[in-house]
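Asker: sequence and computational prediction follow.
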Amino acid sequence: MRYILIENHSGYIWADQASHPELGKAIDVEDFCRAIDEGLGEHGRIYTQVPQLASNQTGYLVYRVGDELPEITDGQDQALIDLVTDVGEFIAKIHCSDEGQAEEV
């Protein structure tokens, strides 16, 4: 099983855990989001599971999928996005905020 992150604003697949074997299988959801963002230069964010995300809030929709799905390399492919949301298990909504900047969730 692996995590797939869908970026809240765009609806595109932001990351597939299959593309990041160095993170290991036992990583938790918040740590996975943090590791992906830090790999892209976004440091110091706070990651919180929330019941809702407004469309203007920074965050991820997290799904868990089995290894039978291919590694997703094109996060804008609508057929793959639909496949993830149809067959994946929805895990969490993760709100990302900059350290020291509280956003209402």
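Answerer: Arrived safely, thanks for sending.

Asker: got the phi/psi numbers for the nearest residue to Met1 once chain neighbours are set aside?
Answerer: Of all residues not flanking Met1 in the chain, Arg64 sits nearest, at 5.3 Å (CB to CB, 6 or more residues apart in numbering). From N, CA and C alone the C-beta is placed, and that goes for glycine too. With angles defined as degrees, to the nearest 10, Arg64 sits at phi -110, psi 130.

Asker: then Lys25?
Answerer: Backbone torsions for Lys25, taken as degrees, to the nearest 10, come to phi -80, psi -20.

Asker: ok, longest strand in the chain?
Answerer: strand 89-98 (DSSP state E).

Asker: give the buried residues for that strand.
Answerer: Ala92, Lys93, Ile94, His95, Cys96, Ser97 (16 or more other CB atoms under 10 Å).

Asker: tell me the mean pLDDT for it?
Answerer: Throughout strand 89-98, pLDDT has a mean value of 95.

Asker: put the alpha carbons of it into PDB.
Answerer: C-alpha atoms of strand 89-98 as PDB (Å, rounded to 0.1, in the frame of the first residue of the first chain):
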ATOM      1  CA  GLU A  89      -9.100   4.600   0.000                       C
ATOM      2  CA  PHE A  90      -9.500   8.200   1.100                       C
ATOM      3  CA  ILE A  91      -7.300   8.700   4.200                       C
ATOM      4  CA  ALA A  92      -7.200  12.300   5.200                       C
ATOM      5  CA  LYS A  93      -7.400  16.000   4.300                       C
ATOM      6  CA  ILE A  94      -4.100  17.600   5.300                       C
ATOM      7  CA  HIS A  95      -3.900  21.400   5.800                       C
ATOM      8  CA  CYS A  96      -0.500  23.000   5.300                       C
ATOM      9  CA  SER A  97       0.300  26.300   6.900                       C
ATOM     10  CA  ASP A  98       3.500  28.200   7.300                       C
END
